[in-house]
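[1] give me a model of this one.
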Amino acid sequence: MSNIFAEESYIKVIINNTPITKHDIELNKAMYIKMNNAKNLDAMQHKQLDQMILDQIIDQTLLFQHAEALGIEISDEEMKNTIITI
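    Sure thing, here's the model as predicted:
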């Protein structure tokens, strides 16, 4: 039973039955820091970055859910080509 409570506290937000966890935020934050060479952030900057990352994940989740509801699908080839252009 305690594992259920641990998982619930780990979940930061639920968007239409899709959980966003602390782990999701930390992974995205680490990627952002690495890509932007954002080292030596103070506590306030970390807090602001956490909120920015959470907002981005929420936006992405809503977009993916809307695309799914519309029946929009992306092939593996389209995804590969998009990643190559980034």
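[2] please enumerate residues in contact with stretch 46-63?
    12-13, 15-16, 18, 20, 24-25, 28-29, 32-33, 38, 41 (C-beta atoms under 8 Å, 6 or more residues apart in numbering). C-betas here are computed from N, CA, C, even on glycine.
[3] among these, which are in helices?
    24-25, 28-29, 32-33 (DSSP state H).
[4] which among those count as buried?
    24-25, 28-29 (16 or more other C-beta atoms under 10 Å).
[5] quick one: Ala69 from Asn16, how far?
    Relative to Asn16, Ala69 is positioned 10 Å away (C-beta to C-beta, to the nearest Å).
[6] next one: Gln51
    From Gln51 to Asn16 the distance is 20 Å (C-beta to C-beta).
[7] Ile53: how many residues sit nearby?
    Residues lying near Ile53 (other C-beta atoms under 10 Å) number 20.
[8] give me the distance between it and Ile84.
    From Ile53 to Ile84 the distance is 25 Å (C-beta to C-beta).
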